[in-house]
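Chemist: Following is a predicted model, sequence given first.
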Amino acid sequence: MAGWPTMSTRSTSRSADVPLPSTKDFYRVNRGGGLFSEALSQRIGAVFALVGHRLGLAPTVLTLANLVLGLTASVTVVVLAEPVAAGDVPAWAVGLVALVGWQVAYALDCADGQLARVTGRGSPAGARVDVLCDVAAQIALVTALGTTAVAQRPATPVWLVALFAGTWMVNLVTSVMQAGPNAASMVTSTSLPVRLIKLVRDYGAVIFVAGLVLTVAPALTIWVVAAFTLVNGGFLLASIAFSARASLR
């Protein structure tokens, strides 16, 4: 699509009354992500994209900001997991860092794509950086949740943490696959009941729940780990069955 004028061309286009994009323009090109993400994360992302556009930033700058913020929040949780479990550091303070940090980081992740699509500044290299940063940020997030679970309950089975880490990446793999020319969905309905059920797969909603648990009841983190292991593992098996059935037709 044709790009909107960037900061470098803004002054020269003023005389021609070329309209500059608004948050609605950025939100209009969002790629969804689920009910929660569309209602909150993508809307905040549109604001970040607008600010980035006005500052003349490349989409990759927002991508890297997402990485830095996400890593900072996760590393904070990891480093303070033991002090929180021992009662030396208030859980609500660390949890709040994670809750806000992860949400803002994800909004920036939404924003980089919006900025790239509206301004026409997307590139294969930028797309690769986006995926790689997502991988790094999610590895850190999984490490934070696993570390907290073990710190709160030292008897947490190693196999559970390993399964949690492995199945979590199903989210990222399937999201990348959905962007390709051979994308397909097992459930195509967009009805409200279906979208509510799909909240368990909505990344924005998932990290909200994770951050909320770390804030108010970190001892329950093991149940978050167990629940999402079941959800993601079940989705992986269902996806294999769905794709195998389609390929054998």
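Modeler: Received, thanks.

Chemist: what stretches of this protein score poorly on pLDDT?
Modeler: Residues of the chain meeting the criterion pLDDT under 70: 1-18, 175-189.

Chemist: Next, name the residue at the spatial heart of this protein.
Modeler: Y106 (4.4 Å; C-alpha atoms, centre = their mean).

Chemist: Now name the helix or strand holding that one.
Modeler: helix 91-119 (DSSP states H and E).

Chemist: Output the contacting helices and strands for whichever helix or strand comes after that helix.
Modeler: Using DSSP H and E, the helix or strand that directly follows helix 91-119 along the chain is helix 124-152. Helix 124-152 is packed against helix 59-86, helix 91-119, helix 158-178, helix 203-216, helix 221-247, with contacts defined by 3 or more C-beta pairs under 8 Å, 6 or more residues apart in numbering; DSSP states H and E. Bear in mind the C-beta positions are built from the backbone N, C-alpha and C, glycine included.

Chemist: Format the ones you listed as TSV; extra columns: distance to Y27.
Modeler: Below are the helices and strands packed on helix 124-152 laid out as TSV (distance: least, C-beta to C-beta, whole Å):
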stretch	distance to Y27
helix 59-86	15
helix 91-119	7
helix 158-178	19
helix 203-216	14
helix 221-247	27
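
Chemist: winner for burial among those helices?
Modeler: helix 91-119 (a mean of 23; mean count of other C-beta atoms under 10 Å).

Chemist: Now find how far off-centre that one is within its chain.
Modeler: Counting by C-alpha atoms, centre = their mean, to the nearest Å, helix 91-119 is centred 7 Å from the centre of its parent chain.
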